[in-house]
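[1] structure for this input, please:
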Amino acid sequence: MSPRLELARLIEAASNIVVFTGAGISTESGIPDFRSPGGVWSQMKPIYFQDFISREDLRRESCICAFSGRAGWTGREPNAGHHAVARLVEQGRVNAVITQNVDNLHQASGVPREKIIELHGNATYATCLACGLRHELPQLKHEFEATGDIPTCYECGELVKTATISFGQPMPEHEMRRATAATLTCDLFLVLGSSLVVYPAAEFPLLAKRRGAPLAIVNREPTEKDEAADLVVHDEIGPTLSEIVLGRG
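    Residues are numbered from 1 along each chain as shown. Got it, this is the predicted structure:
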């Protein structure tokens, strides 16, 4: 049986799928990944969380980066892979979409917000680090360009940053608990476009496997968890899922 047919069989047999997505699902929308040559971190140096807190110059640099879209994480459209995941959610087969991406493309493809667990946050808005109030980037950008002042919270006056998880910033506890609960109860754990090298997120596939769920990985390149998987498909995500879920060859 071909890998795509075997993946179709696993999806058809499941009714409580957890989909786990990484940068590879969004590169097909033109969003750069992080670590490959030409990726985000080869173009710009990451700002560590404690440095953001302690250094005004880095907060200003972070603002310029967020408002310019220089990182390339926003402003793109969902691709066939995102739409296939949305279709599986619509069919009631997927209980949760755990994502390492910050590009908001699962929401844009039609997946209900309550089904999405963003482990690394979201680059399309900002939040106050003290009270958690959401701030929209266009308004912050307008004020920054008009005054030159680094934005602070409208409510409490404390620091505001994009709602992404920076290096050195604690993982979001609520999302980690949700992801763990979903992983423990799924009947198929489907990895799409993740190299599975970033922890603690990379532990979820093995947790699902230990609980008895089949583990399937679709990624262009080999991952560190391929040997543990029940099925590995080294192929493009959009065409693979289009054929299986959307009926497009």
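
[2] and the helices in this protein?
    Applying DSSP state H to the chain gives helices spanning 3-13, 23-26, 40-43, 49-54, 56-68, 80-90, 105-108, 137-147, 173-185, 203-210, 237-241.

[3] got CSV for those helices, with mean neighbour count too?
    Backbone N, C-alpha and C define where each C-beta goes, glycine included. Formatted as CSV, the helices of the chain follow (neighbours: other Cβ atoms under 10 Å):
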stretch, mean neighbour count
helix 3-13, 16
helix 23-26, 27
helix 40-43, 14
helix 49-54, 15
helix 56-68, 15
helix 80-90, 23
helix 105-108, 22
helix 137-147, 14
helix 173-185, 16
helix 203-210, 19
helix 237-241, 23
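
[4] of these, which approaches residue 225 most closely?
    Residue 225 sits nearest to helix 203-210 of all those, at 5.4 Å, using Cβ to Cβ.

[5] tell me the helices and strands packed up against that closest one.
    When contacts are defined as 3 or more Cβ pairs under 8 Å, 6 or more residues apart in numbering; DSSP states H and E, helix 203-210 sits against strand 17-21, helix 173-185, strand 188-192, strand 215-218.

[6] that helix to strand 188-192, inter-axis angle?
    Relative orientation of helix 203-210 and strand 188-192, computed by axes from the mean of the first three to the mean of the last three Cα atoms, to 10 degrees: 150 degrees.

[7] renumber starting at 44 from here on
    That works, and once the first residue is 44, the last one we named lands at helix 246-253.

[8] got the contact list for helix 246-253?
    Under the contact criterion Cβ atoms under 8 Å, 6 or more residues apart in numbering, helix 246-253 has outside partners 61, 63, 141, 222-223, 226-227, 229, 232, 234, 239, 258, 260, 268, 271-272.

[9] CA atoms only: put that helix into PDB for me.
    Below are the C-alpha coordinates for helix 246-253, written out as PDB (Å, rounded to 0.1, in the frame of the first residue of the first chain):
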ATOM      1  CA  GLU A 246       7.200  15.400  23.200                       C
ATOM      2  CA  PHE A 247       3.500  15.400  22.200                       C
ATOM      3  CA  PRO A 248       3.900  12.800  19.400                       C
ATOM      4  CA  LEU A 249       5.600  10.300  21.700                       C
ATOM      5  CA  LEU A 250       3.100  10.900  24.400                       C
ATOM      6  CA  ALA A 251       0.300  10.000  22.000                       C
ATOM      7  CA  LYS A 252       2.200   7.000  20.900                       C
ATOM      8  CA  ARG A 253       2.700   5.800  24.400                       C
END
